[in-house]
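Engineer: Sequence first, predicted model second:
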Amino acid sequence: MKVDGKPYRTIWLNKDRWSVEIIDQTKFPHRFETVTLRAMDDAARAIKDMLVRGAPLIGATAAYGMALQARIDPSDEALTAAYERLHATRPTAINLKWALDEMMKALRNFPPAERAKRAYDRAAEICEEDVAINQAIGRNGLELIKAIAAKKKPGEPVNVLTHCNAGWLATVDWGTATAPIYMAHDGGIPIHVWVDETRPRNQGASLTAWELGHHGVKHTVIPDNTGGHLMQHGLVDLCIVGTDRTTASGDVCNKIGTYLKALAAHDNGVPFYVALPSPTIDFTIDDGLKQIPIEQRSGDEVTKLTGITKDGRIETVDVVAPGSPVANYAFDVTPAKYVTGLITERGVVKAEKAAIARAFPERA
Ligand SMILES: CSC[C@H]1O[C@H](OP(=O)(O)O)[C@H](O)[C@@H]1O
């Protein structure tokens, strides 16, 4: 998407045709900086330390991590070690394993001497596929927004609530949950987004708000616990969130707090949609609560906050009583029964096994 009028993606190949550039998302919202990945380890660290994050972007970065490895040492042993190193960076988003499996599938039948070129080609394909999938999710989600807009008074905005960042910063471009929002905005449909700040890393306040603002989309940042109140007072027309892993039966794993939003939406009759690119479906599992590994991250993300001072210095401060233990579960699982529909690249699909299998028969 555009940043101050200049088109950007979150990851791209540099002019040297081998090093990879990423936007460093740990610097948002106060700094826009990029980082060059020159080795597989750079890609692994970028994923682990969340310079890049968001299931599709994690997959794309891992794919280029394999390409960077193939350039240095394309042997079976080296590629297997790279697969393991990248796979170990974060446990929840299934796109990581999906992308790594795609790369190994693409490389294993090529002689080592030809693997680097094939790896870069496949990584580029994965990025292009992500953009096309997200644009299709945008078109399919746009129909839902149009149907709500048709019942509104002229000029009255459709109010969408979203959680965390499932925007273009979580993907290669367009985003998943935000793709329908951008298309509605670009198509002249009045739209407003309630942006959950999304503690503890504040991906909503620092990423979603930043990207919506740069695209001119009206939005309001809210504390995470506000959404239920807004729904009780008819101020939310629909929820659209992303996902890091959705099971074959439609259980949705997403950023911590998503489940509570789904409960509030269910209780208030607010449609709750999940934007779901097919690489994020884990067809090997059905029960999200029992089978999806939930990442636990450093307690520092809870006890510390980083911001900018009046004179422009970036500072980190402690915000929790010294010595208090903290827990930092990064994701939760929303059972399929609370999901109104899955907005996929092949249409809006019911959150149930048979419907998902019909939509993606080649993978079921
Ligand atoms: C389109 S995937 C976005 C998904 O990923 C985020 O998690 P994280 O920022 O920790 O990678 C969050 O769950 C978003 O919904």
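Structural biologist: Perfect, thanks for sending it.
Engineer: got a list of contacts for the least confident helix or strand in the chain by mean pLDDT?
Structural biologist: Among the helical and strand segments of the chain, the one scoring lowest on mean pLDDT, DSSP states H and E is strand 2-3, with a mean of 86. Contact with strand 2-3 is made by 8, 32, 214-215, as judged by C-beta atoms under 8 Å, 6 or more residues apart in numbering. All C-beta spots, glycine's among them, are computed from the backbone N, C-alpha and C.
Engineer: Kindly report the same for stretch 288-307.
Structural biologist: By C-beta under 8 Å, 6+ apart, stretch 288-307 touches 30, 90-92, 199-201, 245-247, 249, 251-253, 282, 285, 314-320, 324-335.
Engineer: now residue 16: how far from the ligand?
Structural biologist: Using C-beta to the nearest ligand atom, to the nearest Å, residue 16 is found at 28 Å from the ligand.
Engineer: I meant to write residue 362 there.
Structural biologist: Taking C-beta to the nearest ligand atom as the measure, residue 362 falls 22 Å from the ligand.
Engineer: Now the host helix or strand of residue 95 - C-alpha only, PDB.
Structural biologist: If you go by DSSP states H and E, residue 95 is part of helix 94-107. Provided in PDB are the C-alpha atoms of helix 94-107 (Å, rounded to 0.1, in the frame of the first residue of the first chain):
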ATOM      1  CA  ILE A  94       0.800 -22.200  10.300                       C
ATOM      2  CA  ASN A  95       1.900 -20.100   7.300                       C
ATOM      3  CA  LEU A  96       5.500 -20.500   8.500                       C
ATOM      4  CA  LYS A  97       5.400 -24.300   8.100                       C
ATOM      5  CA  TRP A  98       3.300 -24.000   4.900                       C
ATOM      6  CA  ALA A  99       5.900 -21.700   3.300                       C
ATOM      7  CA  LEU A 100       8.900 -23.800   4.400                       C
ATOM      8  CA  ASP A 101       7.200 -27.000   3.100                       C
ATOM      9  CA  GLU A 102       6.500 -25.200  -0.200                       C
ATOM     10  CA  MET A 103      10.200 -24.200  -0.500                       C
ATOM     11  CA  MET A 104      11.400 -27.800   0.200                       C
ATOM     12  CA  LYS A 105       8.900 -29.200  -2.300                       C
ATOM     13  CA  ALA A 106      10.200 -26.700  -4.900                       C
ATOM     14  CA  LEU A 107      13.900 -27.500  -4.200                       C
END
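Engineer: Do me a favour and average the pLDDT over it.
Structural biologist: For helix 94-107, mean pLDDT rounds to 98.
Engineer: Buried ones in that helix, by neighbour count?
Structural biologist: Within helix 94-107, the residues that count as buried by 16 or more other C-beta atoms under 10 Å are 94-100, 102-104, 106-107.
Engineer: Among the contacts of stretch 288-307, which ones lie close to the ligand?
Structural biologist: residue 330 (C-beta under 6 Å from any ligand atom).
Engineer: So the residue in the stretch 1-150 of the chain that the ligand sits nearest to: helix, strand or coil?
Structural biologist: For the stretch 1-150 of the chain and the ligand, the shortest gap (C-beta to the nearest ligand atom) falls at residue 53, measuring 3.4 Å. Assigned by DSSP: H, G, I helix; E, B strand; the rest coil, the conformation of residue 53 is coil.
Engineer: Could you pull up the residues touching it?
Structural biologist: So residue 53 contacts 25, 47, 165, 170, 203 (C-beta under 8 Å, 6+ apart).
Engineer: what sits up against the helix or strand following the least confident helix or strand of the chain?
Structural biologist: Next along the chain after strand 2-3, taking DSSP H and E as the criterion, comes strand 6-7. Contact with strand 6-7 is made by residue 1, as judged by C-beta under 8 Å, 6+ apart.
Engineer: helix or strand right after strand 6-7?
Structural biologist: Next helix or strand after strand 6-7 toward the C-terminus (DSSP H and E): strand 11-13.
Engineer: related to what we said a few turns ago, in helices, which of the contacts of residue 53 appear?
Structural biologist: With helices taken from DSSP state H, the overlap with these comprises 47, 203.
Engineer: now the contacts of residue 53: which count as buried?
Structural biologist: Of the contacts of residue 53, these count as buried by 16+ other C-beta under 10 Å: 25, 47, 165, 170, 203.
Engineer: Could you export those as a markdown table, including pLDDT?
Structural biologist: Listed next are those as a markdown table, based on pLDDT from 0 to 100:
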| residue | pLDDT |
| --- | --- |
| 25 | 98 |
| 47 | 98 |
| 165 | 98 |
| 170 | 98 |
| 203 | 98 |
